[in-house]
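[1] Only the shape, not the letters, is given here:
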């Protein structure tokens, strides 16, 4: 049993391994994505039950546009269905849905359903579920730098006033805390352009388990491991 004080406040997840999971089982890649959506439902419900304050899921990266058009179309269809079908679940669990990334680059019908889901859940007071969509960590930093340059140009701030705290206010995640724990499934030992600014002091937990097989027991293991780490943020042991 882990005490609430030892729980991560913000968990971020790189949901990797859908394609590998499908290939290992002799299925088409889409079957892996579909099964992965089931893991999203289970892990979201479990994090909400544990009173985790925020769960951020890397749902679609900017690099994912390089995949075959057919797979992209299937993924967008799956995302749209998820947004529509999960509204009842989101409401019942008092979850507030948000999204980060270049949302304007998503198909119009997906943006419409995303807007409806965000609007319908905006007054919920439980866990924040943040979907990273058409997201890239480098692009987030570039967009922030452009907006800061514009603010300097307009005389809203001076270059001397730019600090880490000011910079953060221009990020997509300006109203969020940094993740305490980053989970990566599928076994790859990299962060894949995800939350590059925000994970500077985030604890990492990597598992070879592919995302469709990642269930409550794996989440428990990750949280248990996190609870026994000492976070010093560059300081010394107390």
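    All right, it came through fine. Since this is a predicted model, take the numbers as computed values, not measurements.

[2] which residue packs closest to residue 198, ignoring adjacent ones?
    residue 178 (4.6 Å; C-beta to C-beta, 6 or more residues apart in numbering). Backbone N, C-alpha and C define where each C-beta goes, glycine included.

[3] Burial check on that neighbour, number of neighbours?
    Using other C-beta atoms under 10 Å, residue 178 has 16 neighbouring residues.

[4] And the lengthiest helix in the chain, what does it pack against?
    The single longest helix within the chain, with elements called by DSSP state H, is helix 29-49. With contacts taken as 3 or more C-beta pairs under 8 Å, 6 or more residues apart in numbering; DSSP states H and E, helix 29-49 sits against helix 18-24, strand 54-61, helix 69-85, helix 87-92, helix 216-227.

[5] could those be laid out in JSON lines, adding distance to residue 183?
    Below are the helices and strands packed on helix 29-49 laid out as JSON lines (distance: least, C-beta to C-beta, whole Å):
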{"stretch": "helix 18-24", "distance to residue 183": "15"}
{"stretch": "strand 54-61", "distance to residue 183": "10"}
{"stretch": "helix 69-85", "distance to residue 183": "20"}
{"stretch": "helix 87-92", "distance to residue 183": "21"}
{"stretch": "helix 216-227", "distance to residue 183": "5"}
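
[6] Identify, out of these, the most deeply packed stretch.
    strand 54-61 (a mean of 22; mean count of other C-beta atoms under 10 Å).

[7] now the longest helix of the chain: mean pLDDT?
    Mean pLDDT, helix 29-49: 96.

[8] close enough to count as contact, residue 41 and residue 86?
    Yes - using C-beta atoms under 8 Å, residue 41 makes contact with residue 86 at a distance of 7.1 Å.

[9] Neighbour count: these two, which is higher?
    The residue with more neighbours, out of residue 41 and residue 86, is residue 86; 20 against 13, by other C-beta under 10 Å.

[10] OK, contacts around the more buried one?
    41, 117 (C-beta atoms under 8 Å, 6 or more residues apart in numbering).

[11] mind checking the SS state of residue 98?
    strand (DSSP: H, G, I helix; E, B strand; the rest coil).

[12] From residue 135, how far off is it?
    Distance, residue 98 to residue 135, by C-beta to C-beta, to the nearest Å: 12 Å.

[13] Surely residue 79 is in contact with residue 72?
    No - using C-beta under 8 Å, residue 79 makes no contact with residue 72, being 10.4 Å away.

[14] For residue 164, what are phi and psi?
    phi -60, psi -40 (degrees, to the nearest 10).

[15] Phi and psi next, for the spatially closest residue to residue 84 that is not a sequence neighbour.
    Counting by C-beta to C-beta, 6+ apart, residue 84 lies nearest to residue 113, which is 5.7 Å off, once chain neighbours are set aside. With angles defined as degrees, to the nearest 10, residue 113 sits at phi -70, psi -30.

[16] Any idea how many residues pack against residue 113?
    18.

[17] quick one: it from residue 177, how far?
    Here the distance between residue 113 and residue 177 works out to 27 Å (C-beta to C-beta).

[18] swap in residue 155?
    Distance from residue 155 to residue 177, by C-beta to C-beta: 31 Å.

[19] before we move on, what about residue 159?
    Counting by C-beta to C-beta - residue 159 and residue 177 are separated by 27 Å.

[20] more neighbours, the two?
    residue 177 (12 against 8).

[21] Quick check: which element contains that one?
    Counting by DSSP states H and E, no helix or strand carries residue 177.

[22] Who does the residue lying closest to it once chain neighbours are set aside form a beta bridge with?
    Nearest non-adjacent residue to residue 177, counting by C-beta to C-beta, 6+ apart: residue 10, 5.2 Å away. Beta-bridge pairing for residue 10 (DSSP bridges): residue 54.
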